[in-house]
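Chemist: give me a 3D structure for the following:
(chains A and B)
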Amino acid sequence: MNHICFDTTKIDKIQELLERGVMVYPYTFERKDTVEEIKDRFSGIGHEKSEEEVSIAGRIYIVRQHGKTIFADLGDSSGRVQLYLRKNDLGEEQFDLFRQYVDAGDIIGVVGHVFRTKMGEITVWVDRFELLTKSVCPLPEKFHGLKNVETRYRQRYLDLIMNEESRETFRTRSRIISLLRQFLFERDYLEFETPTLQPIYGGANARPFTTYHNALDQKLYLRIAPELYLKRLVVGGFDKVFEIAKNFRNEDIDTNHNPEFSMVEIYEAYRDYNDMMDLTEELFSLLVEKVHGKTTCSFAGHDLDFARPWRRLSMEEAVQEYAGIDIRTHSVEELRTFGLEHCVEGCESATTRGEYLALFFEHFGEKELIQPTFIYDFPIENSPLAKKHREKDGLTERFELFIAGMEMANGFSELNDPLDQKARLELQDAKRRRGDLEAQMIDYDFINALGYGMPPTGGVGIGIDRLVMLLTGKDSIKEVLLFPQMKTIVPGPNGSETGESGGDE
RNA sequence: GGGCCUGUAGCUUAGUCGGCAGAGCGACGGACUCUUAAUCCGUAGGCCAAGGGUUCAAAUCCCUUCAGGCCCGCCA
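Modeler: Down below sits the predicted model:
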């Protein structure tokens, strides 16, 4: 929206109301009930008005005028209820005030009694009403409502006013995050907040956003992950920590990606990746159970079953199963030939068995993993923060959780050997200098922290937005983000005015 | 970054064999004391996303741009 949507006839009405001495934007209203409460409390009511008086407040959605009576639908955050107003009861002045000046979109408070109409609908018979907020923007059409996807994302408030389904999605989102916190608090994890503005970004492979602090005269990055700071807390002696963090990654936007996204990262000392898989499984099962009331849910046409235990498959086993090749019994040259035969992306530049393992898994395995499945033991090449496998050479103790073909969680036995970590980050840094835009920077303070000693630690990160998608059945991340990133509409001829170029580099 | 699709009144949309831009709801005026997408009568409201081209004539055909959706690539 790049223009004001004020309706002049509504603004004229405000002027007339003020001239009549009516407060258009008063300060309070003594609301005693909600729509939901009234519908519950009076579910058995008949055609006779209740003895009890009720007062509710909310937005008017539809007005149906009938000469000397008016029906209207009022909605608050708990639901909608019908209002019934009669000229006889309100008196000429109040009745005309409503008839002439109260429109769909306005917010009013009413006091009255409850009854059931001939058509059987629980209704509030209004004794008096008060205009609480005059709306000056026209509401979308009453029957079709607001369908336009772009408008729903750009003017989310309007989407929430008009679409109960959307409101329900975000209610569920709030509840999921609340349940997540509750789950972790019950297990004695401490919640912390670590820097969003970081001088050195790390903890993931991604391109960062860059910003600048004037007083420090210094370049800063928006974090791509909270990982390195949370591990510093484990070094410092907090054994069980988590953070619900907004991360920022400077990459494309699509149905699964928004430049800023929420993630929970959890770390626990004296635990390894097996324990973190258990924790993840427990958390997801609980959430599905709480949100759906059962251990199954459907998503993108799949019936997903979260009953424990979930399938766990090493990456080598997964490649064996889905690609039909045993990585361990083939030479790198044979793997290369196999990869090229099957048009596996990235094979041209792969040089190690570990790289082929990862490539084959991504090509053959990932999208096949519909039911909740843990894939574990990742090659060391693309896992610079995970501890070397205790038995298997060339692999790390890392796992990812896949559901409906989506990567939902990523965890490992955290690398706590400072010499190994230093070497691996130096390797990342070298890659970055050679032009790999997503390779990690080297954070010497983090390496020093490990140098003081981090206990054996298990960690896991879970993408909250995707989790919400899964639990609300939405197949676009924009449907579960209140304000998804959208390109700013630039006004002006041809829409191509180069007003300001965003971002610095 | 590549492909496909979409953009018409405040909202939901018809019109895309080129020939005056239509409807429903909403708004405005009027009738109506149990309606619920109320009903009935009347009025106003459009740079057909923006720009350019072809044509006697463009919402419609062509090109460019903008915005969005879906799919693919990369990532979570």
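Chemist: would you map the strands across the stretch 401-505 of chain A?
Modeler: Assigned strands in the stretch 401-505 of chain A, in chain order: A:406-413, A:457-463 (criterion: DSSP state E, counting those that start in this stretch).
Chemist: I meant the stretch 101-250 of chain A, not that one.
Modeler: In the stretch 101-250 of chain A, the strands defined using DSSP E, counting those that start in this stretch lie at A:107-116, A:122-133, A:190-191, A:197-198, A:209-213, A:218-222, A:240-248.
Chemist: dump these to CSV, plus mean neighbour count and mean pLDDT.
Modeler: In this view, the C-beta of every residue, glycine as well, is placed from N, C-alpha and C. Formatted as CSV, the strands of the stretch 101-250 of chain A follow (neighbours: other CB atoms under 10 Å; pLDDT from 0 to 100):
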stretch, mean neighbour count, mean pLDDT
strand A:107-116, 21, 97
strand A:122-133, 20, 97
strand A:190-191, 12, 98
strand A:197-198, 16, 95
strand A:209-213, 13, 92
strand A:218-222, 16, 94
strand A:240-248, 22, 96
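Chemist: OK, contacts around A:I325?
Modeler: Residues near A:I325 by CB atoms under 8 Å, 6 or more residues apart in numbering: A:V319, A:L335, A:F338, A:F360.
Chemist: rewinding a little: present the strands of the stretch 101-250 of chain A as a markdown table; the columns should include distance to RNA strand B.
Modeler: What follows is the strands of the stretch 101-250 of chain A, written out as a markdown table (distance: least, CB to the nearest atom of the strand, whole Å):
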| stretch | distance to RNA strand B |
| --- | --- |
| strand A:107-116 | 6 |
| strand A:122-133 | 6 |
| strand A:190-191 | 21 |
| strand A:197-198 | 17 |
| strand A:209-213 | 11 |
| strand A:218-222 | 12 |
| strand A:240-248 | 7 |
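Chemist: got those strands as JSON lines, with distance to A:L482 columns?
Modeler: As requested, those are exported to JSON lines (distance: least, CB to CB, whole Å):
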{"stretch": "strand A:107-116", "distance to A:L482": "21"}
{"stretch": "strand A:122-133", "distance to A:L482": "22"}
{"stretch": "strand A:190-191", "distance to A:L482": "21"}
{"stretch": "strand A:197-198", "distance to A:L482": "23"}
{"stretch": "strand A:209-213", "distance to A:L482": "20"}
{"stretch": "strand A:218-222", "distance to A:L482": "19"}
{"stretch": "strand A:240-248", "distance to A:L482": "13"}
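Chemist: out of those, which gets nearest to A:K49?
Modeler: If you check each of the strands of the stretch 101-250 of chain A against A:K49 by CB to CB, strand A:107-116 wins as the nearest, at 4.2 Å.
Chemist: can you list the weak-confidence ranges in the stretch 1-150 of chain A?
Modeler: Applying pLDDT under 70 to the stretch 1-150 of chain A flags residues A:1-3.
Chemist: how far away is the closest residue in space to A:F338 that isn't next to it in sequence from RNA strand B?
Modeler: With CB to CB, 6 or more residues apart in numbering as the criterion, A:F338 has its nearest non-adjacent residue at 5.8 Å, and that residue is A:I325. A:I325 is 19 Å from RNA strand B, where distance means CB to the nearest atom of the strand, to the nearest Å.
Chemist: also A:G44?
Modeler: Taking CB to the nearest atom of the strand, one finds A:G44 at 17 Å from RNA strand B.
Chemist: my guess is A:L395 meets A:R353, correct?
Modeler: No: between A:L395 and A:R353 there is no contact under CB atoms under 8 Å: 9.9 Å.
Chemist: higher neighbour count, the two?
Modeler: Between A:L395 and A:R353, A:L395 has the larger neighbour count (other CB atoms under 10 Å), namely 24 against 18.
Chemist: quick one: secondary structure of the residue nearest to A:F338?
Modeler: coil (DSSP: H, G, I helix; E, B strand; the rest coil).
Chemist: what packs against the longest helix seen in chain A?
Modeler: Assignment by DSSP state H gives helix A:164-186 as the longest helix of chain A. Applying 3 or more CB pairs under 8 Å, 6 or more residues apart in numbering; DSSP states H and E, one finds that helix A:164-186 contacts helix A:156-162, strand A:190-191, strand A:240-248, helix A:273-292, helix A:464-472.
Chemist: follow-up on the earlier one: nearest to RNA strand B, of the contacts of A:I325?
Modeler: A:F360 (12.5 Å; CB to the nearest atom of the strand).
Chemist: rewinding a little: point out the most buried one among the strands of the stretch 401-505 of chain A.
Modeler: Among the strands of the stretch 401-505 of chain A, the stretch with the highest mean neighbour count (mean count of other CB atoms under 10 Å) is strand A:457-463, at a mean of 24.
Chemist: what's it in contact with?
Modeler: With contact meaning CB under 8 Å, 6+ apart, strand A:457-463 is reached by A:225, A:227, A:230-231, A:234, A:261-276, A:279-280, A:283, A:407-414, A:416.
Chemist: do that strand and RNA strand B meet?
Modeler: Yes: judged by CB under 7 Å from any atom of the strand, strand A:457-463 and RNA strand B are in contact via A:G463.
Chemist: give the pairing partners of that strand; include direction for each.
Modeler: Using DSSP bridges, the strands paired with strand A:457-463 are strand A:260-269 (antiparallel), strand A:406-413 (antiparallel).
Chemist: which residues of the stretch 51-200 of chain A lie near RNA strand B?
Modeler: By CB under 7 Å from any atom of the strand, the residues of the stretch 51-200 of chain A that approach RNA strand B are A:62-69, A:71, A:73, A:82, A:84, A:86-88, A:100, A:103-104, A:115, A:117-121, A:123, A:138-151, A:153.
Chemist: just the buried subset of the residues you listed, please.
Modeler: A:63, A:71, A:73, A:82, A:84, A:87, A:103-104, A:115, A:123, A:139-140, A:145-146, A:153 (16 or more other CB atoms under 10 Å).
Chemist: how about these, which pair is most distant?
Modeler: Greatest spatial distance among these (CB to CB): A:K87 and A:Y153, at 43.1 Å.
Chemist: distance check, the closest residue to A:E130 other than its chain neighbours against A:V241.
Modeler: Of all residues not flanking A:E130 in the chain, A:G109 sits nearest, at 4.7 Å (CB to CB, 6+ apart). Distance check for A:G109 against A:V241: by CB to CB, to the nearest Å, it reads 46 Å.
Chemist: with distance to RNA strand B and mean pLDDT added, can I get the strands paired with strand A:457-463 in TSV?
Modeler: Below are these laid out as TSV (distance: least, CB to the nearest atom of the strand, whole Å; pLDDT from 0 to 100):
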stretch	distance to RNA strand B	mean pLDDT
strand A:260-269	3	96
strand A:406-413	3	93
